[in-house]
Structures are given as C-alpha cells and as structure tokens.
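Asker: what would the 3D arrangement of this be:
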Amino acid sequence: NLREVSTLMDNTTEKSIKAMGKELRSLSQTSGLALSSLSKAKYDIVSAGFAGAAQSAQVLAASSQLAVGGVTSAASAADLLTTALNAYGLGANQVNDISDTLFTTVRLGKTTMDELAGSLGKVLPIAKASGVSLSDVGAAMASLTAGGINTAESTTALRGAIIALTAPTDAAAAAMKTGGIEAKRFGDGSFDLLETIKQFEGMDPAALRKFIPDISASVAVSALANNVEGLSDNLLAFEDRAGASETAFNKMAGEFNTQMSMLKNTSQSVMIEI
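Answerer: Residues are numbered from 1 along each chain as shown. This is a model prediction of the structure:
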C-alpha cells in the first residue's frame with residue numbers, strides 16, 4: 001500500500017516511505033481505523049492534489065478524526081474533505097474547519113457522511129462560483145434533509161436553486177425585477193442566503209414558479225422559505241462549529257469497540273516493527 005501511494009509522489013525515498021508507514025501506524029493506534037482503510041485514504045488524498053508529505057499528513061489526520069466521529073471509513077471522509085477543499089480552492093491548513101463544517105451538516109440534518117460523500121460534489125463548484133460559503137451550503141443541506149428530502153435530491157435541488165437565484169433565465173430575471181426580488185449580497189460580495197430566501201417566505205408554489213421555473217430548484221427554495229426560522233438557527237449553529245469533529249471523535253474514541261480496535265492496531269504495529 002505504501003509503494004502504491006509513493007507512485008503518486010515525487011522524490012520518494014526509502015526513508016520517506018518508512019516515515020509514511022509510521023504515520024499510518026500511529027493514526028491506526030489513535031483512531032482504531034484499519035491500516036488498509038488509512039492507506040486507501042492516503043492514496044486518495046495524494047491523488048486529489050495534496051501530494052506534499054506535510055499536506056497529506058494534515059488532511060489524513062483530519063480524515064481519520066472525521067471518520068471516527070462521523071462513523072464512516074477514512075476513505076469516505078478523505079474523499080469528502082478533499083472534494084470540499086478543492087472546490088473552494090483551499091489548502092490543507094483549512095481542513096479542520098472544513099471537517100467541522102461537514103460534521104455540523106450531519107449533526108443538524110438527516111444525512112450521513114457516506115451520503116454527503118456521494119453527492120455533495122454536485123453543488124460545491126456552483127456554490128463557490130456563486131459566492132455561497134460552504135457553511136451556508138451545510139446549513140441549507142441540513143434544513144432540506146431534516147425536512148424529509150433525501151441527500152441526493154437535496155444536493156440537486158440546492159444546486160438548481162443557487163443557479164436560479166444567481167444566474168436566472170431572462171424570463172425569470174424579468175419577473176424578479178418586476179417583483180423586486182434579487183440575490184442578496186454581503187458587503188464583500190458573497191451570497192446572503194438567509195435574506196435572499198426570506199423574499200420567498202409565504203409565497204405559494206404557483207407564484208414561486210414565476211421566479212424559479214425549475215421544479216427541483218423551486219422545491220429547495222420553497223422548503224427553505226417555509227422554514228426560515230430553522231434555516232436561521234442552522235446558520236447560527238454553524239458559527240459555533242469550531243471543534244465539532246474533534247468533540248465527536250473524543251466521544252466515539254471512548255467506545256468499547258473503538259478502544260478494542262486501538263488495542264488491536266497497537267499490537268499489529270508492534271509486530272510490524274519487530
């Protein structure tokens with residue numbers, strides 16, 4: 001597995017491969033995750049563009065923490081983190097905040113890390129291009145999934161809603177102008193999700209379709225507009241997201257099964273060393 005990862009990295013030596021082996025073994029002992037799972041995550045992280053030793057180690061550490069706290073595999077956590085980092089053009093030093101944002105999405109919504117990993121990539125590039133922050137995407141996803149819309153449908157609907165609000169068709173743009181509706185922005189130009197959605201509060205479906213003709217997009221806007229208070233609460237909750245994934249990790253790390261996995265991995269590491 002280490003050799004396979006090294007094929008994606010430049011200037012690897014026997015020394016660096018051994019150091020990477022110690023890194024994975026150490027994480028397996030502190031997280032309880034299997035070496036095979038961590039190796040797969042490491043490969044995916046390097047493949048996603050975080051090829052530097054320090055960068056990949058930072059992202060892998062966050063992935064293992066999110067995997068344990070979010071009850072998923074290291075590979076799924078790594079896939080989700082690298083997708084978000086790359087979509088928003090962020091470096092490895094931002095990975096912990098991204099991890100906290102993603103875990104808060106799962107905590108507040110009715111979704112899982114695996115479900116997010118399978119579909120969140122649909123909406124993130126559009127969100128970034130439209131000035132929608134990742135925390136706003138998370139708050140919207142939490143609201144939509146908690147309201148009964150499954151994760152895959154929520155990402156598709158949210159993607160359509162962002163496009164409809166920030167780049168409407170000519171007919172929809174004319175209707176918005178006549179109705180005094182527009183995409184609200186903060187002073188820095190980023191998208192103001194809450195104030196934009198508030199404009200549709202209490203609007204019946206027929207009237208909404210004049211401004212948001214796409215059916216899927218209108219479902220997302222309608223669901224958010226009908227629960228503006230919930231959306232507002234979620235947005236506030238995301239402001240206090242720091243440390244969310246670490247807290248979840250610490251709770252799960254105390255579970256019996258995790259403790260036993262840590263013990264098993266420690267024994268395995270000793271045998272590898274021998």
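
Asker: which residues are in contact with Gly70?
Answerer: Ala77, Leu102, Phe103, Val106, Thr112, Met113, Ser245, Ala248 (CB atoms under 8 Å, 6 or more residues apart in numbering). All C-beta spots, glycine's among them, are computed from the backbone N, C-alpha and C.

Asker: secondary structure element holding the second one?
Answerer: So that's Leu102. helix 95-108 (DSSP states H and E).

Asker: just the pLDDT for the residue lying closest to Met20 once chain neighbours are set aside.
Answerer: Excluding its sequence neighbours, the residue lying closest to Met20 (CB to CB, 6 or more residues apart in numbering) is Leu2, at 5.8 Å. Leu2 is assigned a predicted lDDT (pLDDT) of 89.

Asker: what's around Leu2, how many residues?
Answerer: As a burial measure, Leu2 scores 17 neighbours (other CB atoms under 10 Å).

Asker: also Leu124?
Answerer: 20.

Asker: likewise for Ile163?
Answerer: 18.

Asker: excluding chain neighbours, what is closest to Gly202?
Answerer: In space, and not counting its chain neighbours, Gly202 is closest to Ala225: 7.6 Å by CB to CB, 6+ apart.

Asker: got it, and Leu124?
Answerer: Per CB to CB, 6+ apart, closest to Leu124 is Ala87, 3.7 Å.

Asker: please report how far that neighbour lies from Ala54.
Answerer: Counting by CB to CB, to the nearest Å, the separation of Ala87 from Ala54 is 22 Å.

Asker: cool, Glu4 as well?
Answerer: Look at Glu4 and Ala54: by CB to CB, they are 20 Å apart.

Asker: got it, and Ser261?
Answerer: Taken as CB to CB, the span from Ser261 to Ala54 is 27 Å.

Asker: again with Arg25
Answerer: According to CB to CB, Arg25 and Ala54 sit 18 Å apart.

Asker: neighbour count for the two, which is higher?
Answerer: Legend: neighbour count by other CB under 10 Å for Arg25 and Ala54, higher for Arg25 (19 against 10).

Asker: other SSEs contacting the host helix or strand of that one?
Answerer: Using DSSP H and E, the element containing Arg25 is helix 14-31. Other elements packing on helix 14-31 under the criterion 3 or more CB pairs under 8 Å, 6 or more residues apart in numbering; DSSP states H and E are helix 2-6, helix 35-47, helix 53-69, helix 256-273.

Asker: which residues does the most centrally placed residue in the chain contact?
Answerer: Among the residues of the chain, the one closest to the centroid is Leu102, at 4.1 Å (CA atoms, centre = their mean). With contact taken as CB under 8 Å, 6+ apart, Leu102 is in contact with Leu66, Gly70, Leu80, Leu81, Ala84, Met113, Leu116, Gly138, Ser245.

Asker: nearest to Gly180, of the residues you listed?
Answerer: Using CB to CB, Gly138 comes nearest to Gly180 of the contacts of Leu102, at 29.1 Å.

Asker: gap between the closest one and Ala54?
Answerer: Applying CB to CB, the value for Gly138 to Ala54 is 27 Å.

Asker: could you do Glu23 as well?
Answerer: 11 Å.

Asker: just give the closest residue to Ala171, not the sequence neighbours.
Answerer: That would be Pro213: by CB to CB, 6+ apart, it lies 7.3 Å from Ala171.

Asker: isn't Leu134 right next to Ala127, touching?
Answerer: Yes. The pair Leu134 / Ala127 is scored as a contact, 7.3 Å apart, by CB atoms under 8 Å.

Asker: contacting residues around Met113?
Answerer: Counted by CB under 8 Å, 6+ apart, Met113 has contacts Leu66, Ala67, Gly70, Val71, Thr72, Ser76, Ala77, Leu80, Leu102, Val106.
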